[in-house]
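Participant: Okay, here's the prediction I keep looking at, along with the sequence it came from:
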Amino acid sequence: MAPPQRSPKLLLTSVCRPFGGPGEGDSVGAELFHAQVTRAQGPFSLRQVIRVWALDYLAENLRAPAVTLHYPSHAELVRELKRGDYTHVGINFVVATFHKVREMVPLIREHAPGAQIVLGGYGTVLPDDILGPWADAVCREEGVGFMRRLLGEAEGGAIRHPHAPIPSVQVLSHQLPSVVGHVTAGLGCPNGCDFCCTSHFFDRKYVRLLPHGRDVYEALMATRARAREDGMQMNGFILIDEDFFLHHRRAREFLDCVREGGEPLSLMGFGSVRGLSRFSGREIAQMGFDVVWNAFEGAGSGYRKQEGRSMPDLYRELQSVGCAQLTSMIIGFPYQDEETIRREFDQLMALEPAMTQCLIYFAFPGTPFHKQVIAEGRYRKEYREAPDLRRWDGFAMHFDHPRFERPEQVEALQRELYREDYRRLGPTPLRLARISLEGYQNLRNDEDPLLRARAERLRGDVRGTLPATRAAMLFGPTPEVRERARLLRSDIIRLTGTQSAAELAIEAATPAAYLASAAARRLGVFQQPGLLRTEHRTGSGAGSLHSRHAFRLQGGARTGVGRVLVEDGARALAGLAARLRRREAPPQPDLTAVTRRSGPMPRSLPVLATRPERPLFADAAE
Ligand code: B12
Ligand code: SF4
C-alpha cells in the first residue's frame, strides 16, 4: 500500500546572511540605499533592510500552511528545517547569490530529506544544466500561479496583496520609529531595454497584478490600516512596478482615488522619462510621489524609455513640487570612453538628483544583450573560462571594452563617480530635505487642498532632517558641502520656525551618533540584517505578522546584541582564515554555460503539461 500523501507545508526563504563574505561583491546584501546608492556617503548613508517581498506574496496567496524566513543564518535555517516537517522549500535568489543556494541545498537535503526544493526569483535566468542539480522545480514565471499548479491548488482564485512592511530608514544611527508599506502593482516591463533582466524574464509582457488604479490605492490603504491596527505608523510606501506611469490609464485612476481620498501620500516608485512625460509635475505630486527612480543610463544610450520631455525640464518641475529623484546611470556602453562617461556624469550631476546609482553595463542570460556579447565573443578571458557569478552585480566589468585598455579602469571609474556624487552634491538626507523644502515653499499656499496638505507633510519631513544638517556642517565631505548644509539649516529654520528644546537636544547628540556609526562600519559590527520569520495558516502564527517585527530586519540590538556580536566576531575570524588560506577560491561547478552559450529564456521546470487556459493575470499593456 502506498504511504498516505502528506499535505503540503511550505518553507519560503531568502538566501542566508551573512553578506559580504570572501569573494562576494560588497553591494550584494539586503539593502538598496546603503549597498548600491548612498554607499560612498559614510555615516550619512541611508540604512534600510528590504525584505524579500516575493516570499510574502507567495505565502499570502497559497492555501497550504507556509513559513517565510527573510535573511536567516545557516543555523536558523537548519533549526527551521528540523522543526518544520516541510514538504517544499522555496528559495528566492538572484544570479549573484546562486553560490548561497549551493550552500543551502545540502542543508535542506540533510535536514528535510523529504522536501522538494523549488527555486524562484531572477536567478532562474541561469540555464537548466546549471540549476538542475540544485532543485526539484524551477519557477520562471509569476510565482503564485506556478506554486498553485505545483501544489495542486485551485488556480485563478483571488489574489491578495500581503501586508509586508519594512522599517523606515535609519540615518546616523537614528532609527525612525515608523514602517514603510509595500505594494507591487505589476511585474515585467514592455520597454524591453537590451540589458533588462525583468523585462525579458516576462517576455516583454507586463504582468498586471493590480489591474486598476483603485486596486493600487486600496492595497496601499489596506496595508496602512493593518499597520495602524498594530499600533504602528506607516508614513510612506514603496510601489514596485517597473514603469508605473507608462500604464497611464491605471495611473490616472489612481490619481482620481488619491484626490477623492483627499489625504497626501508619500510614495517611492519607478518611472521612465517616457512614462513620466504623460503627467504634469502637479499630478505626480498629487499622486503622492516623493521619490521617483528614473533612468538616465547614458546620454547616448538611445533607449525608447528616454523619449519624452527633456530631463532638465522634467527634473526641475518635479523638484519644484517636492518630488526627488533616484537616478541611475550605466557606464561601459561601447560608445563611451572615459571622457564621455565624465561628461555624461556632469550632465547627471547638473540634474541634482537626491540619489545616484551607477552600474556597469553587464548581461543577464535571456536578454538580447547577452545574446549579442556571446555572438561577438566579448567576455573577458577569465569570465569566459570560469565565470564568477558572485560578481553579476553591476559592480564588475565582464567585457573587453574597445575604449578602455584595462577593464578594471571602468570599475575604478565607477568607484570614483560614487565618491564624486557625494563630494559634489553632498549627503542624501540633505539633498532630500532641500527638495522637500522647495516643495513646501511652492505648495503651502496652493489653491488645491491636497497639495497644501502635501506641503504640510513635507514641512514635517524637513524638520526631521535638522540633526543631519548639523552633522553635515561638521563632517560634510568638502567646504562647499558644509557651507550648503549651513545654508539649508538656516533656510529650514527661517521657513518652518525655530527649533524646540527637544529638537535642539537631538541635534546636540548627532555628532556622537555620527562617530558611533562610523566606528560600527569600520569594525564591521551591526551591519548584517536580522531574521524576520512569519507564519501563514499554521494555526499559531498570526502574531508573527505584526508590523513591529519588521524592525528585526535591521538586525543589531533588535535581534540580540550578544548574538549579533558573536556572529559578527565569527564572521571576522572566518574572513581572516580565508585570507590566510591565500584567498583560495572554493571549488566551483562548471558555470561556463553563462558566458559561452545564449538562448531564449528557458521555461519553468518541471514543465507542467497543464498550463492555465486563461492567464492568471491580464498582461496587456496600454
Ligand atoms: C526589491 C529589490 C531588491 C531588494 C530586496 C531583494 C529581494 N531579493 O527581493 C534589495 C535592495 C535587497 C535588492 C538587492 C539586490 N538586487 Co534586487 N531587486 C529588487 C527589485 C527592484 C524588486 C523585487 C521585488 O520585490 N519584486 C516584487 C515581487 C512580488 O516580485 P518578484 O520578486 O518578481 O517575485 C515574483 C516572481 O519572480 C516569483 N518568485 C520570486 N521569488 C520566488 C521564489 C519561489 C520559490 C517561487 C516559486 C517564485 C518566486 O514569484 C513572485 C510573485 O509572482 C528587482 C527588480 C524588479 N522590478 O523586480 C531587483 C532585482 C531582483 N535585483 C537584482 C539584483 C542584481 C540585486 C543585487 C545583486 C544588486 C547588487 N548590486 O547588489 C542585490 C542582491 C541582494 C540579495 N541579497 O539577493 C536584479 C536581479 C537580476 C538577476 N537575474 O540576478 C533585479 C531583477 C534588478 C534588475 N533589473 O537587474 N534587490
Ligand atoms: S524601462 Fe527599465 S524596467 Fe523597463 S525594460 Fe527598460 S530597464 Fe527594464
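Facilitator: Okay, I see it. Ligands and ions are numbered 1, 2, ... in the order given.
Participant: biggest helix in this protein, by residue count?
Facilitator: helix 501-523 (DSSP state H).
Participant: Could you report the neighbour count for residue 490?
Facilitator: Residue 490 is flanked by 11 other residues according to other CB atoms under 10 Å. (Glycine included, C-beta is placed from N, CA and C.)
Participant: does it count as helix, strand or coil?
Facilitator: Assigned by DSSP: H, G, I helix; E, B strand; the rest coil, the conformation of residue 490 is helix.
Participant: Residue 51 contacts residue 552, doesn't it?
Facilitator: No: counting by CB atoms under 8 Å, residue 51 sits too far from residue 552 to count as a contact (9.9 Å).
Participant: Identify the contacts common to those two.
Facilitator: residue 532 (CB atoms under 8 Å, 6 or more residues apart in numbering).
Participant: For the longest helix of the chain, which outside residues touch it?
Facilitator: 42-43, 172-174, 463, 466-468, 470-471, 474-475, 499, 526-527.
Participant: so which two of those are the farthest from each other?
Facilitator: 499 and 527 (31.8 Å; CB to CB).
Participant: Residue numbers of the stretch 101-250 of the chain in contact with ligand 2?
Facilitator: Listed as neighbours of ligand 2 in the stretch 101-250 of the chain under the rule CB under 6 Å from any ligand atom: 189, 191, 192, 193, 196, 198, 199, 242, 243.
Participant: Reformat the residues you listed as JSON lines; add pLDDT.
Facilitator: Putting those into JSON lines (pLDDT from 0 to 100) gives the following:
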{"residue": "189", "pLDDT": "95"}
{"residue": "191", "pLDDT": "92"}
{"residue": "192", "pLDDT": "94"}
{"residue": "193", "pLDDT": "95"}
{"residue": "196", "pLDDT": "97"}
{"residue": "198", "pLDDT": "97"}
{"residue": "199", "pLDDT": "97"}
{"residue": "242", "pLDDT": "96"}
{"residue": "243", "pLDDT": "96"}
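Participant: Please check those residues and keep the buried ones.
Facilitator: Buried residues within those, counting neighbours by 16 or more other CB atoms under 10 Å: 189, 191, 192, 193, 196, 199, 242, 243.
Participant: which residues does residue 118 contact?
Facilitator: Counting by CB under 8 Å, 6+ apart, residue 118 makes contact with 88, 89, 90, 91, 135, 136, 137, 138, 139, 147, 150.
Participant: TSV for those residues, including neighbour count and secondary structure?
Facilitator: Shown next, in TSV, are the contacts of residue 118 (neighbours: other CB atoms under 10 Å; DSSP: H, G, I helix; E, B strand; the rest coil):
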residue	neighbour count	secondary structure
88	23	strand
89	27	strand
90	29	strand
91	28	strand
135	21	coil
136	15	coil
137	18	strand
138	23	strand
139	24	coil
147	25	helix
150	21	helix
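Participant: Now pLDDT and distance to residue 561 too, for these, in CSV please.
Facilitator: Formatted as CSV, the contacts of residue 118 follow (pLDDT from 0 to 100; distance: CB to CB, whole Å):
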residue, pLDDT, distance to residue 561
88, 97, 35
89, 98, 30
90, 98, 32
91, 98, 29
135, 96, 37
136, 95, 39
137, 96, 40
138, 97, 40
139, 97, 38
147, 96, 38
150, 95, 41
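Participant: Past the helix or strand hosting residue 67, which element shows up next along the chain?
Facilitator: Using DSSP states H and E, residue 67 maps to strand 66-70. Downstream of strand 66-70, the next assigned helix or strand under DSSP H and E is helix 74-84.
Participant: Show me what that following helix is packed up against.
Facilitator: Packing partners of helix 74-84 (3 or more CB pairs under 8 Å, 6 or more residues apart in numbering; DSSP states H and E): strand 10-13, strand 66-70, helix 98-111.
Participant: Save the ones you listed as a markdown table, and put in mean neighbour count, mean pLDDT and distance to ligand 1 too.
Facilitator: A markdown table is the format used below for these (neighbours: other CB atoms under 10 Å; pLDDT from 0 to 100; distance: least, CB to the nearest ligand atom, whole Å):
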| stretch | mean neighbour count | mean pLDDT | distance to ligand 1 |
| --- | --- | --- | --- |
| strand 10-13 | 26 | 98 | 6 |
| strand 66-70 | 26 | 98 | 9 |
| helix 98-111 | 18 | 98 | 8 |
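Participant: Over to the residue in the stretch 401-550 of the chain positioned nearest to ligand 1. Which of the three states is it?
Facilitator: With CB to the nearest ligand atom as the measure, residue 529 is the residue of the stretch 401-550 of the chain nearest to ligand 1, at 8.8 Å. The three-state assignment at residue 529 reads coil, by three-state DSSP.
Participant: show me the contacts for whichever residue of the stretch 351-500 of the chain sits closest to ligand 1.
Facilitator: Ligand 1 sits closest to residue 393 of the stretch 351-500 of the chain, with a gap of 3.7 Å, by CB to the nearest ligand atom. Shown in contact with residue 393 (CB under 8 Å, 6+ apart): 25, 27, 28, 96.
Participant: how far away is residue 35 from residue 233?
Facilitator: According to CB to CB, to the nearest Å, residue 35 and residue 233 sit 26 Å apart.
Participant: now residue 92
Facilitator: Per CB to CB, residue 92 is found 28 Å from residue 233.
Participant: So the two - more neighbours on which side?
Facilitator: Neighbour count, other CB under 10 Å: between residue 92 and residue 233, residue 92 has more, with 26 against 14.
Participant: Let me know how buried the closest residue in space to the more buried one that isn't next to it in sequence is, in neighbour terms.
Facilitator: Setting aside the residues directly before and after it, residue 92 is nearest to residue 121 in space (CB to CB, 6 or more residues apart in numbering), at 4.0 Å. Per other CB under 10 Å, the neighbour tally for residue 121 reads 23.
Participant: tell me the contacts of residue 121?
Facilitator: When contacts are counted by CB under 8 Å, 6+ apart, residue 121 touches 52, 54, 91, 92, 93, 94.
Participant: re the thing from before, what's the local residue count around the residue of the stretch 401-550 of the chain closest to ligand 1?
Facilitator: Residues near residue 529, counting by other CB under 10 Å, number 24.
Participant: Repeat that for residue 480.
Facilitator: Other residues near residue 480 come to 12 when the count uses other CB under 10 Å.
Participant: And it, which helix or strand is it part of?
Facilitator: Here residue 480 is assigned to helix 479-496, by DSSP H and E.
Participant: And for that helix, what's in contact with it?
Facilitator: Applying CB under 8 Å, 6+ apart, the contact partners of helix 479-496 are 423, 425-427, 430, 433-434, 437, 440-441, 459, 462-463, 465-466, 469-470, 472-474, 476, 499.
Participant: Let's see that with 6 Å instead.
Facilitator: With CB atoms under 6 Å, 6 or more residues apart in numbering as the test, helix 479-496 has contacts from 426, 430, 434, 459, 462, 463, 469, 472, 473, 476.
Participant: In which helix or strand does the closest residue to the fourth one other than its chain neighbours reside?
Facilitator: If you skip the residues right next to it in sequence, residue 459 has residue 440 as its closest partner in space, 4.9 Å away by CB to CB, 6+ apart. For residue 440, the enclosing helix or strand under DSSP H and E is helix 428-443.
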